[in-house]
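Visitor: Structure for the following, please:
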Amino acid sequence: MTPEDVRELLESELPDATAEVGHPRGVDDEDHLAATVVSPVFEGKSLIDQHEVVYDALGEHMTKDIHAIELSTYTPEEYEEFEQ
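Guide: Below is the predicted model of the structure:
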């Protein structure tokens, strides 16, 4: 899967989500990705639960197409604070 495929999947599966997906710096491997995902669905969830939501959205792609994904997850409010 390309980073664009993963972005589209996450944005279609998670309510009101925006995602930025690419390859981690220094990693030249198509199966390793890095994603920043912003969605109100993360509200009130622990970091582990937020990541589980993302893994559920990716479904079988996590075992077939993606070897590893580095995640940063935020609610819209958290992301706004992070960006300042």
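
Visitor: helices or strands up against the strand or helix carrying Leu33?
Guide: Assessed by DSSP states H and E, Leu33 sits inside strand 32-38. In terms of contacts (3 or more Cβ pairs under 8 Å, 6 or more residues apart in numbering; DSSP states H and E), strand 32-38 is packed against helix 3-13, strand 18-22, strand 68-74. Placement of C-beta: from N, CA and C, glycine included.

Visitor: one more time with 10 Å
Guide: helix 3-13, strand 18-22, helix 47-58, strand 68-74, helix 76-83 (3 or more Cβ pairs under 10 Å, 6 or more residues apart in numbering; DSSP states H and E).

Visitor: mind listing what that strand pairs with, with the direction of each?
Guide: The pairing partners recorded for strand 32-38 under DSSP bridges are strand 18-22 (antiparallel), strand 68-74 (parallel).

Visitor: Is it possible to get TSV of the ones you listed that adds mean neighbour count and mean pLDDT?
Guide: Formatted as TSV, those follow (neighbours: other Cβ atoms under 10 Å; pLDDT from 0 to 100):
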stretch	mean neighbour count	mean pLDDT
strand 18-22	17	96
strand 68-74	16	95
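
Visitor: Can you tell me which of the ones you listed is nearest to Gln84?
Guide: strand 68-74 (12.7 Å; Cβ to Cβ).

Visitor: what angle do that closest one and helix 76-83 make?
Guide: 100 degrees (axes from the mean of the first three to the mean of the last three Cα atoms, to 10 degrees).
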